[in-house]
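Colleague: Turn this into a structure:
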Amino acid sequence: MTRFITHVQAAALAALMAAAVVQPAAAQTRAATIIGIVDADRLLAESLAAKGVRLEREKYASTYQAQVKDMETKLRTEDQELSQQRGVLAPDVFQQRAQAFQQKLADFQGQVKEKQDRLDYSFQQAMQEIGNTIVTISGEVAKAQGITTVIARNQVVYADPSMDITAPILDRINQRLPSVKFQDPATLQVQGAPGAAPAPGVPGTAPAAKAPPAPAKK
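Modeller: Numbering: from 1, shown residues only. This is a model prediction of the structure:
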């Protein structure tokens with residue numbers, strides 16, 4: 001059964017944070033390095049915007065899953081009916097109908113993948129906005145506290161709890177970005193031609209949903 005992925009890929013934003021080393025301009029003249037730690041996983045789990053993005057994605061995924069399930073049922077029924085006609089139809093007529101069915105199945109598989117790609121891309125865009133905001137606010141909090149470098153929590157083996165600045169960052173994120181617009185995947189302008197796969201390198205990409213297996217050849 002085809003399944004649309006509904007979980008949030010926290011590793012994507014964690015990777016974004018891991019790659020972002022925030023160095024406030026005012027701190028560049030200091031000789032000492034003062035490090036702050038940010039728990040990106042916590043920000044994804046607890047920020048209002050990230051929660052909203054998860055909820056929106058799950059709504060679309062549930063709707064798509066229901067549509068896919070309904071279509072799969074219809075295709076299985078049509079496949080069974082076609083198999084029953086094998087002995088009563090002329091060979092050339094049966095072959096034409098079998099080929100038409102295979103094309104319908106291929107079209108369905110393409111539609112499933114396109115829906116998944118578009119849903120992933122909408123998710124990516126929303127999470128990218130949250131990620132950018134996290135990086136910006138991390139710099140602001142670091143500057144206010146005299147911190148020269150900010151590192152993602154998953155990049156260090158141990159850090160003194162006093163170095164963690166996740167809480168004030170979370171507070172600012174919830175105030176500044178309480179929600180993010182989740183674009184309708186059906187109308188989203190994806191890079192390239194309509195229905196094209198998401199552009200590579202955008203955080204949050206999920207594997208495309210697996211299409212149902214093709215029926216046995218007629």
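Colleague: after the one helix or strand Lys51 maps to comes which helix or strand?
Modeller: According to DSSP states H and E, Lys51 maps onto helix 48-84. Following helix 48-84 in sequence order, the next helix or strand is helix 91-144 (DSSP H and E).
Colleague: Just give me how far that following helix sits from the chain centre.
Modeller: 8 Å (C-alpha atoms, centre = their mean, to the nearest Å).
Colleague: after that helix, next one along is what?
Modeller: Using DSSP H and E, the helix or strand that follows helix 91-144 in sequence is strand 149-152.
Colleague: So which elements touch that following strand?
Modeller: Packing partners of strand 149-152 (3 or more C-beta pairs under 8 Å, 6 or more residues apart in numbering; DSSP states H and E): helix 10-19, strand 35-38, helix 91-144. Just so you know, the C-beta spots here come from the backbone N, C-alpha and C atoms, and that holds for glycine as well.
Colleague: Ok, which of those comes nearest Asp164?
Modeller: strand 35-38 (4.8 Å; C-beta to C-beta).
Colleague: List the buried residues in the closest one.
Modeller: Gly36, Ile37, Val38 (16 or more other C-beta atoms under 10 Å).
Colleague: Buried deepest among the helices and strands packed on strand 149-152, which one?
Modeller: Comparing the helices and strands packed on strand 149-152 by mean neighbour count (mean count of other C-beta atoms under 10 Å), strand 35-38 comes out on top with a mean of 22.
Colleague: what's the distance between it and the middle of its chain?
Modeller: For strand 35-38, the distance to the chain centre is 26 Å (C-alpha atoms, centre = their mean).
Colleague: Which elements pack onto that strand?
Modeller: helix 91-144, strand 149-152, helix 166-176.
Colleague: What average pLDDT does the second one get?
Modeller: Looking back up the chat, that one is strand 149-152. In this model, strand 149-152 has an average pLDDT of 92.
Colleague: ok, now the first one?
Modeller: Regarding helix 91-144, the rounded mean pLDDT is 94.
Colleague: which helices and strands sit right next to that helix?
Modeller: Judged by 3+ C-beta pairs under 8 Å, 6+ apart, the packing partners of helix 91-144 are helix 10-19, strand 35-38, helix 40-46, helix 48-84, strand 149-152, helix 166-176.
Colleague: what pairs with Val150 across the strands?
Modeller: Per DSSP bridges, the residues bridged to Val150 are Val22, Gly36.
Colleague: Would you mind measuring from it to Ile130?
Modeller: Applying C-beta to C-beta, to the nearest Å, the value for Val150 to Ile130 is 16 Å.
Colleague: and if you look at Val53?
Modeller: Taken as C-beta to C-beta, the span from Val53 to Ile130 is 7 Å.
Colleague: got it, and Glu56?
Modeller: In terms of C-beta to C-beta, Glu56 sits 13 Å off from Ile130.
Colleague: same thing with Thr187?
Modeller: Thr187 is 21 Å from Ile130, where distance means C-beta to C-beta.
Colleague: Could you do Ala32 as well?
Modeller: In terms of C-beta to C-beta, Ala32 sits 31 Å off from Ile130.
Colleague: Alright, that wraps it up for me.
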